[in-house]
Structures are given as C-alpha cells and as structure tokens.
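> Compute the structure for the input listed below.
(2 chains)
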Amino acid sequence: MEFKDYYQTMGVERDASQDEIKRAYRKLARKYHPDVSKEANAEARFKEVGEAYEVLKDPEKRAAYDQLGANWKAGQDFRPPPDWDQGFEFHGGGFTGADAEQFSDFFESLFGRGGLGGGYTRQTRPEFHARGEDTYAKVLIDLEDAYHGATRSLTLKRTEMGTDGRPRLNERTLNVRIPKGVRQGQHIRLARQGGAGVGKGGAGDLYLEVEFRPHRHYHVEGKDVFLDLPVAPWEAAFGATIKVPTPAGPVDLKIPANSSGGRKLRLKGRGIPARESGDLYVVLQIALPPADSEAAKAAYSEFEKALEFNPRASLGV
Amino acid sequence: MLSILSGEVLEEEVELTLAELCRTCQLPAERVFDLIDEGVVEPLGRDPVSWRFRGINVRRVRCAQRLEHDLGVNVAGVALALELLEEMERLRARLHRFER
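Okay, here's the model as predicted:
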C-alpha cells in the first residue's frame, strides 16, 4: 500500500493552521469539483483532496496521522505500525458527510471504513421497511444510437452489504434500451434497478446519464447536429447538388451558387429526432485542390489571370 | 441471455410530484422550498399539493446539493453557480465546434 502525503495533496506545510487547511481545501475543492471543473483528472483529484481534508481538518485524525512521522514520502510502500493509534481516542462518527466509500486503502488501514465498518448491523426489526437508494451511472452511446435507438450492454460495479454485514463489490451487466431521441446529459430512469430496499421497501431506481462518444464528423449542441462539409471551389461558385452524410443516412443537398466558406445550410428536422426534431446544420468548408501537377499549376495561374481577386480587400490593403 | 431493460427519459417523459422529487434527491421538502425561492427549480402548478417538477430539476437539485455540501456555498450562491455553469456548458459546446 502506498503512503499518502496528505499535506502535499493539500499543498500546505505540516505546521499549517486549521484555518489554512480549510482555505486550501476550499480552493482545491472549487478547482477540482466534478460539477465545476473540466480538467481531465478532476474527479480523481477531488477525491484525493476530500480524503486528505477528512484527515487534516479533524485535529484527532490529524494528530494521529502526524505521529506516523514526517519522513514518509508519498508513494512509498506503507504498512501501519502495530498499535500505531494507541493512545488516541477517536470520537465515534468522525466521518462528516464525506463519501467514505471513496477513500483509499491507505486511509482505510488507518481510520477504517466510515459508517461501513464492523459497527454496521443489519436492521432486524421485522417492522422496518425502507425503499432502496436511487443509484447513478453513466452510459456512453454513439450519436447514431440517438437517431435510431439501440440496445447497449453495460457493466456496473456497486458496493453492496452482504448478509454478514460486510460490504463487498458486486458487478452486474445490464442490457438497456437506449430510447430514440435521447440527448447528451439526459437521464434514463430504470425503475427498481437501484439499491435494494429493506423489508417490504422496494428497490430504488437506477439513473443512467447519457453521454455521446465524440464523433469524427458530427458535433452536437442540444438536439441540433453540425457537420463541416468540404466543397470544391467550383461547387461553391456554381452551386451543386451533392451527397451529404447524415447520422440517419446520406441525403442530397443543394449548394446555392456563390456560397462562401463558413456558410451554414440548415436541413430542417434532420437533427436528433423528437416531437420537434432538431436540425442538421451543414457548414461549408472550401477545400483547395493542391497545386502539385503541371496541369493544376496552369489552372491556378489561369484563375489568377482571369480574376483580379484581392481576398484582403476588406482589410484595406 | 439477459432481458432488455427499458427506461424512460427523465428530462422528457417524467414529471415528479414534490414527494417524488424529495425521495429521488434524498432531501426534505423544506430544502426544496429553499431552492424554489431562489429559482433553482421551478414547479408547475399552483400549490405544493398539485406541484409537478420537470425531470431536468432532478439534475439541478443534485448538482445544487453537491455544491452546497462540497464547497460550502449557500442557496443563493448555488443558484448563481448553476446559471453560470449552464452558460459555460453552452459556450463550451460552441467553442468546441470552432476548435475542431
């Protein structure tokens, strides 16, 4: 097991005051909060910071942690010395709202599992009924799935309480129908697939948050879909009817004559299907053929001679 | 062979009563009233008995709870943060389109 340097995680000195620690935590929490931050490792960092703060904000836990000594380096192989916490009296229920299930093995070896440890006893009163917890997970789908609907199989891990009162990791696979028209960020509610209830209380619900896998060609905003479409200079100049891919299959699109690069053409109702379907926007990108042959060079030079064209006229030069 | 589970899209097809919203988000009704006062969630209907909440509110309430709990923000701060976050999400999506 690796030693964790909670002071390093929080970016504070070992002699930092409780106030300094709190300020450092607030700052880091804002920076890495998964709802706020878009940094790639935000969630992992947020958990690390939460774990470090759980220890350092509590003078009892902090004092116990401190007496492990200052010589440990983060990442070093660590085993808690026997009776390391002897002489420290911890107040029960020292876990304050943080999600203790998320803490590292290192934390667990020192402070146990918050709320889930040996102290947990199953409710045995025959009259007690409670509905199970609602649970949440993400499901990654392709844009095309939102157009046609699909069935996706996903594997979910969750901690469950065994009959012996100990938590264990349970893995299960679900086959889920992805409804046509679903959009990024929406939730699919699966009734009674959440946490188990107690007594006659039914199971909770499972919510799947939909996320689109990034697509090579399309880009999605709400229920509108965007496609950058390369066109040849003469197609833009003369106008043309060309084949355009859409997530629902290719369509013929009429490019108006004298179109400029960046022109947005709307295909009404070809976005993500819904009662009022989204639109598909085709954004024209003028692609230039390379001047890599004698013929091509000749054509470009004719072009130059025939048109007295200054692309920078609007800049006044 | 596993059977195929079908669900409903929370944001589109689901409307919740006050009790259902409280249960789904695991918070007391008083907290929902606070969030309504700040405009974080908006009920449809006149009085609490007939209130219905669009499914999207579940996402907003859960996010509000996390921000309050993790960052120590008060309800007014949460309302502001949520608005700014939603605006940022829209802008990021747009930015993403231009950066490709």
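
> Quickly list what residue A:244 is bridged to.
Residue A:244 forms beta bridges with residue A:251, as assigned by DSSP bridges.

> right, and residue A:54 touches residue A:108 too?
No: using Cβ atoms under 8 Å, residue A:54 is not in contact with residue A:108; the gap is 11.6 Å. For every residue, glycine as well, the C-beta is placed using N, CA and C.

> between those two, who's got more neighbours?
More crowded of residue A:54 and residue A:108, by other Cβ atoms under 10 Å in any protein chain shown: residue A:54, with 23 against 16.

> Low-confidence stretches in chain B?
B:1, B:100 (pLDDT under 70).

> Just give me how far stretch A:292-299 sits from the chain centre.
With Cα atoms, centre = their mean, to the nearest Å as the basis, stretch A:292-299 stands 49 Å off its chain's centre.

> which helices and strands does the helix or strand containing residue A:109 pack with?
Using DSSP states H and E, residue A:109 sits within helix A:105-111. Using 3 or more Cβ pairs under 8 Å, 6 or more residues apart in numbering or on different chains; DSSP states H and E as the contact test, the elements touching helix A:105-111 are helix A:42-56, helix A:59-66.

> List the buried residues in stretch A:178-186.
Buried positions in stretch A:178-186, judged by neighbour count with 16 or more other Cβ atoms under 10 Å in any protein chain shown: A:178-179, A:181-184, A:186.

> I misspoke; the intended subject was stretch A:141-154.
A:141-147, A:150, A:152.

> hmm, that stretch in reach of chain B?
Yes: on the criterion Cβ under 8 Å from any Cβ of the partner chain, stretch A:141-154 is in touch with chain B at A:151, A:153.

> avg pLDDT for that stretch?
If you average the pLDDT over stretch A:141-154, you get 92.

> what's the span of that stretch from first residue to last?
Criterion Cα to Cα, to the nearest Å; first-to-last residue distance in stretch A:141-154 is 11 Å.

> neighbouring contacts of it?
The contact list for stretch A:141-154 (Cβ atoms under 8 Å, 6 or more residues apart in numbering or on different chains) reads A:137, A:139, A:173-183, A:208, A:210-213, A:215, A:218, A:220, A:225, A:247-248, A:272-273, B:2, B:4.

> if you skip the residues just before and after it, what's nearest to residue A:157?
Spatial nearest neighbour of residue A:157, excluding adjacent residues (Cβ to Cβ, 6 or more residues apart in numbering or on different chains): residue A:171 at 5.1 Å.

> Verify the stated contact: the one you found with residue A:156.
Yes: the pair residue A:171 / residue A:156 is scored as a contact, 7.3 Å apart, by Cβ under 8 Å.

> which helices and strands does the host helix or strand of residue A:169 pack with?
Assigned by DSSP H and E, residue A:169 belongs to strand A:167-178. The contact analysis (3+ Cβ pairs under 8 Å, 6+ apart) places strand A:167-178 against strand A:135-141, strand A:150-161, strand A:187-190, strand B:4-6.

> The third one - which strands sit beside it in the sheet, and in what orientation?
The sheet places strand A:187-190 alongside strand A:206-212 (antiparallel), strand B:8-9 (antiparallel), with pairing taken from DSSP bridges.

> List the strands paired with the helix or strand that the longest one is followed by, with their directions.
Counting by DSSP H and E, the element after strand A:206-212 in chain order, helix or strand, is strand A:218-221. Sheet pairing here is set by DSSP bridges, and for strand A:218-221 it gives strand A:224-231 (antiparallel).

> buried residues in the very next helix or strand once past the partner strand?
Sequence-wise, the next helix or strand downstream of strand A:224-231 (DSSP H and E) is helix A:233-238. For helix A:233-238, burial by neighbour count (16+ other Cβ under 10 Å) applies to A:235-236.

> can you check stretch A:256-269 too?
Using 16+ other Cβ under 10 Å as the test for burial, stretch A:256-269 gives A:259, A:263, A:265, A:267.

> now, which of those residues sits nearest residue A:27?
residue A:263 (45.9 Å; Cβ to Cβ).

> Tell me who's in contact with the closest one.
If you count contacts by Cβ under 8 Å, 6+ apart, residue A:263 has them with A:283-284.

> For it, give its distance to chain B.
Distance, residue A:263 to chain B, by Cβ to the nearest Cβ, to the nearest Å: 15 Å.

> Kindly report the same for residue A:79.
Separation of residue A:79 from chain B (Cβ to the nearest Cβ) stands at 32 Å.

> That residue looks like it's in a strand, true?
No: per DSSP: H, G, I helix; E, B strand; the rest coil, residue A:79 lies outside any strand segment and is coil.

> circling back to that earlier point, and residue A:171 and residue A:156? which has more neighbours close in?
Comparing residue A:171 with residue A:156 by other Cβ under 10 Å, the one with more neighbours is residue A:156, at 16 against 8.

> Can you give me the buried ones in stretch A:243-253?
Buried, per 16+ other Cβ under 10 Å, within stretch A:243-253: A:244, A:246-247, A:253.

> In the residues you listed, find the pair that's most separated.
Greatest spatial distance among those (Cβ to Cβ): A:247 and A:253, at 14.6 Å.

> all helices for chain B, in order.
In chain B, the helices defined using DSSP state H lie at B:10-13, B:18-25, B:29-37, B:56-71, B:75-99.

> close to chain A, is the third one?
No: Helix B:29-37 does not reach chain A (Cβ under 8 Å from any Cβ); its nearest approach is 14.7 Å.

> For that helix, which helices and strands make contact with it?
Applying 3+ Cβ pairs under 8 Å, 6+ apart, we find helix B:29-37 packed against helix B:18-25, helix B:56-71, helix B:75-99.

> before we move on, what about the second one?
Contacts defined by 3+ Cβ pairs under 8 Å, 6+ apart place helix B:18-25 against helix B:29-37, strand B:53-54, helix B:56-71.

> out of those, nearest to residue A:240?
With Cβ to Cβ, the closest approach to residue A:240 among the helices and strands packed on helix B:18-25 belongs to helix B:56-71: 42.0 Å.

> How about the residues of the stretch 1-150 of chain A by chain B?
For the stretch 1-150 of chain A, the contact set with chain B under Cβ under 8 Å from any Cβ comprises A:26, A:29-30, A:33-36, A:38, A:46, A:50, A:97, A:131, A:133-134.
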